[in-house]
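Visitor: I would like to see how this sequence folds:
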Amino acid sequence: MVNSLGEPLMTDFLDISKEFGEQERDYLRRARTFVRDEVLPVINDYWERADFPIDLARRMGQLGFVGDGIDYPGVPAMSAASAGLLAMEISRGDGSLATFAGVQGGLAMQSIALLGSEEHKKRWLPPLARVDEIGAFALTEPDHGSDSLLLETTAVRRGNDYILNGKKRWIGNGTVADVIVVWARGDDGQVGGYLVEKGTPGYDAHVITGKASVRSVWQAEIDLVDVRIPVDAKLPHAHSFKDTGRVLAGTRSQCAFSALGHAVAAYDAALTYASNRRQFGKRLIEFQIVQVRLVKMLQEIVGMQLYCMRIAQLQTGEALGDTVASLAKLNNTSKARQIILDARDMLGGNGILLENHVMRHLVDIEALHTYEGTETIQTLLVGRKITKVGAFV
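Guide: Residues are numbered from 1 along each chain as shown. Predicted structure coming up:
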């Protein structure tokens, strides 16, 4: 038994790790070392100050943890399972760092990898993978979150340029990014992706303050006023919102892995605390009701693990459907919320102290539960699939 800053405690109850290949084992081992030795000793301070840990973000690039399974020279080779395990393990350390990596690899880099030109890929993917440069993905608007299909930002062709106008909100990395994938409606009325580089006149971003969740990653509110970019800055394979959806489907699966990481962190903290805390002359783990609660938490974690490994298998075979990813994200974020809440309750008053990590995970899971599609939206997506009836309006 180790403390909550050590390795995960007896959560691989079905020996799922025996199915991993050497690559997966290597990524998992190195990520656990990074979380234990570099993230957990300092992250509470960053989180409390709402300060972006750029040094840890750069370190993830140095370790080859950013890439989301993209197959391109200069991007670390990783299977779908490896990418998922990295998301899980980084989330076990901190939700803000995992959110940064998800935006960098799963959104910005995947947009360029799936929909960009060869010139775009060559220019941006290797430095983004190393975190020498930072990327952002600007889709959500002040009035369009779940209904992003109706976005109002425009991209109007003017000779050899596009002129972008609009507003974006909740854009991770938006104030520090070197390249921002801006989603806008073109002259043909279709949604496309446009690469806006840092320093482009008319691009104005400021950090959203007052957050109580994922405090160590910065989300931005962005004003785009006559932002002029060259025609070749448009992603050539982004023809409609369906192409945007291709990027989002992958990030939903990563959300499922991230939720698992948060849940494991909370379970570890609860088991460690219950093993050491004495009340009424006994350790908490000697009480039947405490054992019941721990087993119930583990029961849900094992189910979350099975979801994750199955979607990784489907993604490897390029058979991961949008609604399967939605169901996995829906299940795992919902289960993680309850597990973390139970852990906070088991720690009593000590559960609200940052030093025990549980409270940070409790508020951070709220952001994960919402972004890449709320529980309601994921439910309706799956509902449409099984009933053939759209019930969004």
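
Visitor: For Val214, which three-state class applies?
Guide: coil (DSSP: H, G, I helix; E, B strand; the rest coil).

Visitor: I'd like to know how many residues surround it.
Guide: Applying other C-beta atoms under 10 Å, we find 26 residues neighbouring Val214. In this view, the C-beta of every residue, glycine as well, is placed from N, C-alpha and C.

Visitor: okay, it: pLDDT?
Guide: On the pLDDT scale, Val214 is placed at 96.

Visitor: thinking it is in contact with Ser96, fair?
Guide: Yes - counting by C-beta atoms under 8 Å, Val214 does reach Ser96; the two are 4.6 Å apart.

Visitor: Contacts only, for Leu327.
Guide: Tyr307, Gln378, Val382 (C-beta atoms under 8 Å, 6 or more residues apart in numbering).

Visitor: and it, what helix or strand is that in?
Guide: Secondary structure assigned from DSSP states H and E places Leu327 in helix 322-346.

Visitor: quick one: contacts of the strand or helix carrying Glu24?
Guide: Secondary structure assignment for Glu24, by DSSP H and E: helix 22-34. Under the contact criterion C-beta under 8 Å, 6+ apart, helix 22-34 has outside partners 7-8, 17, 20, 59-60, 63, 65, 77-79, 81-82, 85-86, 89-90, 93.

Visitor: mind redoing it with 7 Å?
Guide: The contact list for helix 22-34 (C-beta atoms under 7 Å, 6 or more residues apart in numbering) reads Glu7, Leu63, Phe65, Met78, Ser79, Ala81, Ser82, Leu85, Leu86, Glu89, Ile90.

Visitor: what about burial for the residues you listed, which qualify?
Guide: Buried members of those, counted by 16 or more other C-beta atoms under 10 Å: Leu63, Phe65, Met78, Ser79, Ala81, Ser82, Leu85, Leu86, Glu89, Ile90.

Visitor: Would you state the predicted confidence (pLDDT) at the residue of the chain most remote from its centre?
Guide: In the chain, the greatest distance from the average C-alpha position (C-alpha atoms, centre = their mean) is reached by Gly281, at 42.7 Å. Gly281 carries a pLDDT value of 94.

Visitor: Got phi/psi on it?
Guide: phi 80, psi 0 (degrees, to the nearest 10).

Visitor: Could you check how far it is from Arg344?
Guide: 25 Å (C-beta to C-beta, to the nearest Å).

Visitor: and what of Arg58?
Guide: Taken as C-beta to C-beta, the span from Arg58 to Arg344 is 32 Å.

Visitor: Neighbour count for those two, which is higher?
Guide: Arg344 (20 against 14).

Visitor: Based on its surroundings, how many neighbours for the nearest residue to that one once chain neighbours are set aside?
Guide: For Arg344, ignoring the flanking residues on the chain, the nearest one in space by C-beta to C-beta, 6 or more residues apart in numbering is Gly351 at 4.0 Å. Residues lying near Gly351 (other C-beta under 10 Å) number 21.

Visitor: cool, the one 3 residues further on as well?
Guide: Neighbour count of Leu354, defined by other C-beta under 10 Å: 13.

Visitor: Could you do Leu260 as well?
Guide: 31.

Visitor: Who are the contact partners of it?
Guide: Counted by C-beta under 7 Å, 6+ apart, Leu260 has contacts Met88, Met304, Gln305, Cys308, Asn332.

Visitor: buried sites along the one helix or strand it maps to?
Guide: Using DSSP H and E, the element containing Leu260 is helix 241-276. For helix 241-276, the neighbour count (16+ other C-beta under 10 Å) marks 241, 243-244, 247-275 as buried.

Visitor: Please enumerate the strands of the protein.
Guide: 135-138, 154-158, 161-172, 179-185, 191-197, 203-207, 219-230, 278-279, 282-283 (DSSP state E).
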